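Colleague: kindly return the folded structure for what I paste below:
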Amino acid sequence: MATSDSVKQHKLRKLIARLSDKVGPRKEFVSLYIPVGTSIDEIIKMLREKSDSPSAKSERSADHIQEAIKKVIQRLRSQQGISENGLAIFAGTFIGNDVESEAFNLEEFAPPEPITALLFGVEDHFLLEPLREMVRGQKVVGLLALDSKEASFGVSKGECLEVVENISSGIPGKSGKGGSSQRRYERERDMSVTYFFHRIAEHAAKAFLENHKITVLIVGGPGLTKDDFLRGDFLHYELQNMILNTVDTQSAGNAALREMLDKSAEALKNMCSPEEKRVMQRLLAHMGQQDGLVVAGLDLVLDALKNGEAEVALVTDNSDLTDIVVVCKKCGLSKAKIVDKARKVPTVQNMILSPCEKCGAVEYEVEEKDIVEVLEDLASQTNATVEVISSESDEKAKLTTFGGFAAILRYRPDKME
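Modeller: Model (predicted):
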């Protein structure tokens, strides 16, 4: 089963959140980014050289550094190869409230986008900037302003607005001639406008689909030219589906791009990705039709996934639930409970205090999974998909009213009885 982009982004955000608050007393946290195509043997050779370097041996934290590098090498040796987007590994010894509670931790992560450069670092924190650049919660907005004389193209990421290019049509203004000359002139002008619209569409596809991979598109300009352009189906269908807003502006020049952003601030604030919008529209359409193809609430969604009834499971990204599994070390019997993460510690304590129901032993291994991973594991067994609704949007608000969990079903369960 292919992991959906929304689940990949959810895992990326969770990893960043989990590692960003880890700060050591000294430089002893190892971060390693490996691009695809890199030789594992060469990486291991480099790590050994780093481990044997005088700087690593002279640090007070040398034991922790060398332990981290040793574990990273062991992990790399077990790799069959580097994934298509590369591999990120983070290793370090985390110290709890008292020095005696220190524990080694290693995180391995296949990123949602390609790692472009080999990076190794040992700091008092993990180097997370390459991962932060992959977070798509930051909206990549395409801006297209046009009239019959010119078109401007821009891209906005966060607070940064980049003007991509400006093209002109060379079309003269409307003529004041009369009779047949006027009609011929208007026909020629219409043909020139149509040709210019095709040029705009070609430049838009290159700027917004090939070069910048935008999330949404805003179209603007003075007068009705922009409306004629959009009605004419000149724009690539993917860009048509990304249109968030159309805006009246003073001009079609570069200054219009900032004006369009300012006038679209509210729409951008409540924006969700096209994928999130489409799947939520499907969910709400089924609910409106009352066709029995939707269930809501965690328990019903879990049952639908287990029974193979669910086609798509939806969850909000702020669902702070975790699945705790305790496994008897002696006989392997397991028991599980899904709880809010705030109750994780007392729940684990209660679960490990009672003897194993099968063999009476009291030694357990404790595992935990984020609720999204639980849903994804179940979905993989029946070729279902999981979508995480992450943007602060109307779609997320609606899913929250259902408890943060819902599923679109393949069929009505009562029809299969």
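Colleague: phi, psi for G232 please.
Modeller: Note on G232: its backbone torsions stand at phi -80, psi 0 [degrees, to the nearest 10].
Colleague: kindly apply the preceding question to L32 instead.
Modeller: According to degrees, to the nearest 10, L32 has phi -140, psi 120.
Colleague: residues near it, how many?
Modeller: If you count neighbours by other Cβ atoms under 10 Å, L32 ends up with 25. All C-beta spots, glycine's among them, are computed from the backbone N, C-alpha and C.
Colleague: same check on A62?
Modeller: By other Cβ under 10 Å, neighbour count at A62 equals 15.
Colleague: also I324?
Modeller: 19.
Colleague: that one looks like it's in a strand, true?
Modeller: Yes. Per DSSP: H, G, I helix; E, B strand; the rest coil, I324 lies within a strand segment.
Colleague: so how far is D303 from it?
Modeller: Distance, I324 to D303, using Cβ to Cβ, to the nearest Å: 20 Å.
Colleague: other residues contacting the one helix or strand V295 maps to?
Modeller: Secondary structure assigned from DSSP states H and E places V295 in strand 294-296. Under the contact criterion Cβ atoms under 8 Å, 6 or more residues apart in numbering, strand 294-296 has outside partners 283, 286-287, 301, 303-304, 310, 402-403, 405-409.
Colleague: try 6 Å this time
Modeller: Strand 294-296 is contacted from outside by 286-287, 304, 402, 406-407, using Cβ atoms under 6 Å, 6 or more residues apart in numbering.
Colleague: now do stretch 222-240
Modeller: Here stretch 222-240 makes contact (Cβ under 6 Å, 6+ apart) with 146-148, 197, 201, 205, 217, 219, 249.
Colleague: kindly indicate the member of those residues with the most neighbours.
Modeller: Neighbour max across those (other Cβ under 10 Å) = L146, 27 neighbours.
Colleague: look up which residues are beta-bridged to it.
Modeller: Beta-bridge pairing for L146 (DSSP bridges): A151.
Colleague: and it, what does it touch?
Modeller: By Cβ under 6 Å, 6+ apart, L146 lies in contact with 200, 221, 226, 252.
Colleague: so which helix or strand takes in the third one?
Modeller: Assigned by DSSP H and E, K226 belongs to helix 225-231.
Colleague: what pLDDT, on average, does that helix get?
Modeller: Averaging pLDDT along helix 225-231 gives 94.
Colleague: report the buried residues of that helix.
Modeller: For helix 225-231, a neighbour-count test (16 or more other Cβ atoms under 10 Å) marks 225-226, 229-230 as buried.
Colleague: then that helix to CSV, C-alphas only?
Modeller: Presented in CSV, the C-alpha positions along helix 225-231 are these (Å, rounded to 0.1, in the frame of the first residue of the first chain):
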residue,chain,number,x,y,z
THR,A,225,-9.9,39.5,-18.9
LYS,A,226,-9.0,37.0,-16.1
ASP,A,227,-12.6,35.7,-16.2
ASP,A,228,-12.4,35.2,-20.0
PHE,A,229,-9.1,33.4,-19.5
LEU,A,230,-10.6,31.0,-16.9
ARG,A,231,-13.8,30.3,-18.8
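Colleague: C-terminal to it, what's the next element?
Modeller: helix 237-242.
Colleague: how about the next helix or strand after that following helix: buried residues?
Modeller: Next helix or strand after helix 237-242 toward the C-terminus (DSSP H and E): strand 243-248. For strand 243-248, burial by neighbour count (16+ other Cβ under 10 Å) applies to 243-247.
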